[in-house]
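Participant: Build the 3D model from these lines:
(one chain, ligands or ions: 1)
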Amino acid sequence: MEVDSPIHDFSKARTQVWKHMLVFMDSMCLRCAVELGVPDAIHNHGGPVTLSELVQALPIPTSRAPFLRRIMRVLVNSGFFSIEGNESDGSNEEEVYYDLTATSKLLITGSTNSLAPLVRFVTGMEVAMAGHAMTTWIKASDDDDKNETPFHVAHGGKGVFEFASERPEFNALLNEGMACDNRVFIGEVVKNWGDVLFGGLRSLVDVGGGTGLTAAVIAGAYPKMKCSVLELDHVVDVQPENELVEFVRGDMFVQIPQADAFLLEWVLHDWSDKDFVEED
Ligand SMILES: C[S@@+](CC[C@H](N)C(=O)[O-])C[C@H]1O[C@@H](n2cnc3c(N)ncnc32)[C@H](O)[C@@H]1O
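Facilitator: I've put the predicted structure just below:
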């Protein structure tokens, strides 16, 4: 086939459509692997596993092995797992070994840098429903607050934080998802730029600081600084005692406690300029 023939152009364009239609399967395979505990199973095995060893370690019937192999194929292709041997050439599947990569090591449950909770949150039904509501949302009148974001449209006019306040499981998913992504990041920030950012401060308020993880890391490194977290009731209600950080219940649009400095991490993007910019 000539490279710039009409059939080539059609084929290329068609492939592009297929690719975009199905790209959500990448996320769904990732979610499935995290929910099943595939990274944990390989980690606990202590090294590369065959397909049948993997099936045995997971809560799935052995009859699902061929489907797990396909899910693993997608994830090997995306770099989440490595494979030794070549299962596509018809070799005995016992000769094929799956192992963790740097990416899937970030998905081991309970490890200090695990992003598994973030995967569960972002690929979850509640967020996916917001994606499905995008067309309805963009066609809707923006005079009504219930149409503010696709999430509002998908969830009966409730924004993500109001929704979380009514759903303990979603609240936990959101809080853990946010916190896990910070664990490594804030540690590095404090290590490399802590003195520039926080040196000399007597007090700091992490506005919308979630579980308080960020504030606790900062407080741990600067014990003379008073670190507080301003959060909504439903977030504060489920936080364990924290010796390093004081939780303050409140609404940042109403009042923010006095401090030398304020931290707004992953907060401004949740709101429009109209919410944040006030002119006297
Ligand atoms: C995207 S999360 C970011 C959490 C945390 N700063 C982080 O980086 O992981 C936004 C946070 O803002 C909090 N929040 C939302 N509206 C708020 C308000 N009006 N007053 C105080 N906190 C609020 C939410 O409960 C949520 O924990």
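Participant: Every contact and neighbour count from this point should use C-alpha atoms.
Facilitator: Will do.
Participant: What strand or helix carries Ser228?
Facilitator: Following DSSP states H and E, the helix or strand that holds Ser228 is strand 226-231.
Participant: Quick one: list the elements packing against that strand.
Facilitator: Contact analysis of strand 226-231 by 3 or more CA pairs under 8 Å, 6 or more residues apart in numbering; DSSP states H and E lists strand 203-207, helix 213-221, strand 245-249 as its packing neighbours.
Participant: Domains in this structure, by residue range?
Facilitator: Per automatic domain parsing, the structural domains of the chain span 6-109, 131-276.
Participant: Turn the ones you listed into a markdown table, including mean pLDDT.
Facilitator: Shown next, in a markdown table, are those (pLDDT from 0 to 100):
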| stretch | mean pLDDT |
| --- | --- |
| domain 6-109 | 93 |
| domain 131-276 | 95 |
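Participant: What's the nearest residue in the stretch 1-150 of the chain when you look at the ligand?
Facilitator: Leu118 (10.5 Å; CA to the nearest ligand atom).
Participant: next one: stretch 113-126 to chain centre, how far?
Facilitator: Its chain's average C-alpha position is 4 Å from that of stretch 113-126, according to CA atoms, centre = their mean, to the nearest Å.
Participant: still on that earlier bit, highest average neighbour count across the helices and strands packed on strand 226-231?
Facilitator: The highest mean neighbour count among the helices and strands packed on strand 226-231, using mean count of other CA atoms under 10 Å, belongs to strand 203-207: a mean of 22.
Participant: Provide the contact partners of that one at residue level.
Facilitator: For strand 203-207, contacts defined as CA atoms under 8 Å, 6 or more residues apart in numbering pick out 212, 215, 225-231, 252, 256-265, 267.
Participant: Just the CA coordinates for whichever helix or strand comes after the strand holding Ser228, please, in CSV.
Facilitator: For strand 226-231, the following helix or strand on the C-terminal side (DSSP H and E) is helix 233-236. C-alpha atoms of helix 233-236 as CSV (Å, rounded to 0.1, in the frame of the first residue of the first chain):
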residue,chain,number,x,y,z
ASP,A,233,-16.2,19.4,59.2
HIS,A,234,-16.6,16.1,57.4
VAL,A,235,-12.8,16.0,56.8
VAL,A,236,-11.8,16.9,60.3
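Participant: so what does helix 233-236 touch, helix or strand wise?
Facilitator: helix 160-166, helix 168-198, strand 245-249.
Participant: counting contacts, what elements does the second one pack onto?
Facilitator: When you say that, I think you mean helix 168-198. Partner elements for helix 168-198 (3+ CA pairs under 8 Å, 6+ apart): helix 116-122, helix 160-166, helix 213-221, helix 233-236.
Participant: quick one on the thing from earlier: between the helices and strands packed on strand 226-231, which gets nearest to Val190?
Facilitator: Among the helices and strands packed on strand 226-231, the nearest to Val190 by CA to CA is helix 213-221 (6.7 Å).
Participant: CA atoms of that closest one as CSV?
Facilitator: In CSV, the C-alpha atoms belonging to helix 213-221 read as follows (Å, rounded to 0.1, in the frame of the first residue of the first chain):
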residue,chain,number,x,y,z
LEU,A,213,-0.2,15.0,56.0
THR,A,214,1.5,18.0,54.3
ALA,A,215,1.3,20.2,57.4
ALA,A,216,2.6,17.3,59.5
VAL,A,217,5.7,16.8,57.3
ILE,A,218,6.4,20.6,57.5
ALA,A,219,5.8,20.7,61.3
GLY,A,220,8.0,17.7,61.8
ALA,A,221,10.9,19.5,60.0
